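> below are the sequence and a predicted model; questions follow.
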2 protein chains.
Amino acid sequence: MLEKITKRTKQSINREELESRILRCAELVFAEKGYNGSSMEAIAAAASISKQNLIYYFANKELLYQRVLKEMLDIWIEKLSFLETQGDTPEAVIRRYVREKMQLSRLYPNGSKVFAHEIISGAPVLKEYLISHLKPQFDRDVELVKSWINKGLIEEIDPEHLFFTIWAATQTYADFSVQMEVLLGKHRLEEADFERAELAVTDFVVRALGAKKIIKNNFRLIFFFAIWFGVCFLYGLNVQKNATFHHLNLLVNFLLN
Amino acid sequence: MLEKITKRTKQSINREELESRILRCAELVFAEKGYNGSSMEAIAAAASISKQNLIYYFANKELLYQRVLKEMLDIWIEKLSFLETQGDTPEAVIRRYVREKMQLSRLYPNGSKVFAHEIISGAPVLKEYLISHLKPQFDRDVELVKSWINKGLIEEIDPEHLFFTIWAATQTYADFSVQMEVLLGKHRLEEADFERAELAVTDFVVRALGAKKIIKNNFRLIFFFAIWFGVCFLYGLNVQKNATFHHLNLLVNFLLN
DNA sequence: AAACAACTTGTCTTTCTGGTCAGCAATAAG
DNA sequence: CTTATTGCTGACCAGAAAGACAAGTTGTTT
């Protein structure tokens, strides 16, 4: 297919700028009012242009809506793949994943909301796209998690539902921000809130995965055995029998602290 | 205030029946199309009555919407309070809480969706209600979780964000069911899926809380000390020194298994 | 400068939808 | 059986919104 060479004239630059401004404003309006509640008039007003001009750029509402949705999903799919992280530990991969997803909630709250509206409504527009683009990636990522489980790197966890939970827990900071504002008694969620949230959710997930725990427990195991061997060795060789319980008590007190 | 005695005539029974049928149908339509996308005509059709008749029962759309929302939230608030569970362990309380919330997603998927639409849109109708009814309960529950942390019953976790995560992880099974259907390659989420989900989410949360871990670790600790004492006791008394390492090896193999 | 393309706006039509109103039908009360 | 109340329907209306059309304006190319 021949790609038309787009000269960067004053017009074409303006066009691009205006298009992206329209998309951002449309995103905002769709997020707040849903597809049906958003009039072209309102979107145009948000972008400070006339309705007719808006229609000139996006022939109809459906098309505009699709563009907004697709932009969001492209970003999501692009940013959220396990694939390129084969070398890292599960914990590192998961931490990165959760962080990225939180960033999306923070940076594109409106896109997230439009996406949420769409899915809740039964994904009339997005269904095909989900099947063709999201599912393959999902299947791959699930396989990877399964392999982690088989290798004993993480706890036995339901891989599919792990993803559902991560998505939900992160997405909620975009979609349900109003609820949180009310419950936290704030006018708006701020940077600090998002940072706390990110920390809470990542820790939450990592702890649930048990990735960290295994290491901790291994440490404890090794620690115990080391002392045990030491003690047994000593007693097996040349310490008087009567001292046994005294040393034992010291040790027990130390461990229980 | 005088309460009017409602005689249970044929008419009043019909009225109640029809009212609740309308509410259920409205819930369904609102869930799928959002407030603005749902016409009174469509709701009436779903309930198999005429539009005028619908308006006879619910004078206008706004009112109908509020009723649907309020019914859902009342159920939610009623079912989800920590208060009456003071005696139980944190793990028991949390398990019950998550299970109840999952039940809501399973039993009232449409109500959940309407609620989600509403919150995502900025809670124009519900905001006051959230402040007056949900926040006080939230604050109480947060305090309880904090007290658990202070007592060392659970890991140090961000209480507010714990709730946000639980809500998100459970609510998602109502709101994003379509996405899950696509990704799991199913036509509909079935009982079995919900059971798996409930198990996954509860385990997930409990593990993240660390409530279970403490118990498990205590077990392990007791187990170790019991064996240790036994072994030391035996060696301290009447077993030959040479047998030490043999028995030790047996034990180590058993523990590491 | 002229011709052409890109952009912008005002006007109009059509469709949809929330809601009114007057009147008919079914049921309950006297 | 009659009357009053409650339940239901058809005809209608006003306003909102999508978007078609034509006319005018600005920018680009030759």
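Now that the structure is in, tell me what you want to look at. Source: prediction; values computed, not measured.
> hmm, residue A:159 is touching residue A:150, no?
No - with contact defined as C-beta atoms under 8 Å, residue A:159 does not count as touching residue A:150 (11.0 Å). C-beta: built from backbone N, CA, C; applies to glycine.
> more neighbours: which of these two?
Using other C-beta atoms under 10 Å in any protein chain shown as the criterion, residue A:159 and residue A:150 rank with residue A:159 on top: 20 against 9.
> against residue A:176, how distant is the nearest residue to that one once chain neighbours are set aside?
Leaving aside its sequence neighbours, residue A:159 sits nearest to residue A:145 (C-beta to C-beta, 6 or more residues apart in numbering or on different chains; 4.0 Å). Separation of residue A:145 from residue A:176 (C-beta to C-beta, to the nearest Å): 26 Å.
> can you list the residues of chain A near DNA strand C?
Applying C-beta under 7 Å from any atom of the strand, we find that chain A lies next to DNA strand C at A:11, A:12, A:14, A:15, A:18, A:49, A:50, A:52, A:53, A:56, A:57.
> of those residues, which one scores lowest on pLDDT?
pLDDT is lowest at residue A:11 among these; the value there is 65.
> how about stretch A:64-71: buried residues?
A:64, A:65, A:67, A:68, A:69, A:71 (16 or more other C-beta atoms under 10 Å in any protein chain shown).
> repeat for stretch A:144-156
Neighbour-count burial for stretch A:144-156 [16+ other C-beta under 10 Å]: A:144, A:145, A:148, A:149, A:153, A:154, A:155.
> residue contacts, the first one?
Under the criterion of C-beta atoms under 8 Å, 6 or more residues apart in numbering or on different chains, the contact partners of residue A:144 comprise residue A:82.
> which helix or strand contains it?
Using DSSP states H and E, residue A:144 sits within helix A:135-150.
> tell me the mean pLDDT over the helix or strand just after that helix?
As assigned by DSSP H and E, the chain's next helix or strand after helix A:135-150 is helix A:159-175. Helix A:159-175 carries an average pLDDT of 97.
> mind saving the C-alpha coords of helix A:159-175 as CSV?
Taking Å, rounded to 0.1, in the frame of the first residue of the first chain, the C-alpha atoms of helix A:159-175 are listed here in CSV:
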residue,chain,number,x,y,z
PRO,A,159,-2.9,-17.4,37.2
GLU,A,160,-5.9,-16.1,35.4
HIS,A,161,-7.5,-14.7,38.5
LEU,A,162,-4.1,-13.3,39.5
PHE,A,163,-4.3,-11.0,36.4
PHE,A,164,-8.0,-10.2,37.0
THR,A,165,-7.1,-9.1,40.5
ILE,A,166,-4.1,-7.0,39.5
TRP,A,167,-6.1,-5.3,36.8
ALA,A,168,-9.0,-4.6,39.1
ALA,A,169,-6.8,-3.4,41.9
THR,A,170,-5.0,-0.9,39.7
GLN,A,171,-7.8,0.1,37.4
THR,A,172,-9.9,1.0,40.4
TYR,A,173,-7.6,4.0,41.1
ALA,A,174,-8.8,5.6,37.8
ASP,A,175,-12.4,4.4,37.7
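> against which helices or strands is that helix packed?
With contacts defined as 3 or more C-beta pairs under 8 Å, 6 or more residues apart in numbering or on different chains; DSSP states H and E, helix A:159-175 has these neighbours: helix A:90-107, helix A:109-120, helix A:135-150, helix A:191-209, helix B:109-120, helix B:159-175, helix B:177-184, helix B:191-209.
> make it 7 Å
Helix A:159-175 is packed against helix A:90-107, helix A:109-120, helix A:135-150, helix A:191-209, helix B:159-175, helix B:191-209, with contacts defined by 3 or more C-beta pairs under 7 Å, 6 or more residues apart in numbering or on different chains; DSSP states H and E.
> what's the angle from it to helix A:90-107?
Taking axes from the mean of the first three to the mean of the last three C-alpha atoms, to 10 degrees, one finds helix A:159-175 and helix A:90-107 inclined to each other by 30 degrees.
> that's all I had, so thanks and see you.
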